[in-house]
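Student: just coords:
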């Protein structure tokens, strides 16, 4: 019988995964600082809103989505954080998911994160923008996060919205 991982287990697993993400981000900051001091890469990587968004996506968001996708589609069916808590990402039969399904799951999971980055770049490059648009954008981010949490709490199989759309489940290994 499958036991589905609840909110607190999944949150704790994500906290462990965020340690990995944080280490990656520290490395990115150090490397980019070194590269910028020698080659002034920030001038062309972050010259305007669109270039900055694309650069940040490929330097930060995409590698993080790959971390989740590769881990959850691997034979362990889990990222490092999920492994630490004995969790696995499975399909409706309890089997391993494909890389493409794991990538879809990650893309859907990180839509609020990427949307917030988009808003921040807009604020940085267009400080005169209508603050109502910024507020609506951040409200959408919080609504999406809230809907994912609410879904995880109220569905019988503890699925966030991105799990429902990707047809995935997070299960606990029997201990």
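Tutor: Received the coordinates, thanks. Computed from a predicted structure; not experimentally measured.
Student: Contact partners for the residue minimising distance to the centre of the chain?
Tutor: Centroid check for the chain by CA atoms, centre = their mean gives residue 110 as the closest residue, at 3.7 Å. Counting by CB atoms under 8 Å, 6 or more residues apart in numbering, residue 110 touches 61, 64-65. C-beta coordinates here come from the backbone N, C-alpha and C atoms, glycine included.
Student: Could you list which of these belong to strands?
Tutor: Per DSSP state E, strands hold no members of the contacts of residue 110.
Student: Now flag whichever of those is closest to residue 114.
Tutor: Within the contacts of residue 110, proximity to residue 114 (CB to CB) peaks at residue 61, which comes in at 5.5 Å.
Student: and the gap between the residue lying closest to that closest one once chain neighbours are set aside and residue 62?
Tutor: Counting by CB to CB, 6 or more residues apart in numbering, residue 114 is the residue found nearest to residue 61 once chain neighbours are left out, at 5.5 Å. Residue 114 is 10 Å from residue 62, where distance means CB to CB, to the nearest Å.
Student: Give the residue spans of the protein that score low on pLDDT.
Tutor: Residue ranges of the chain with pLDDT under 70: 175.
Student: Can you list phi and psi of the residue nearest to residue 61 for me?
Tutor: Note on residue 114: its backbone torsions stand at phi -70, psi -40 [degrees, to the nearest 10].
Student: pretty sure it contacts residue 64?
Tutor: No - counting by CB atoms under 8 Å, residue 114 stays clear of residue 64, with 10.0 Å between them.
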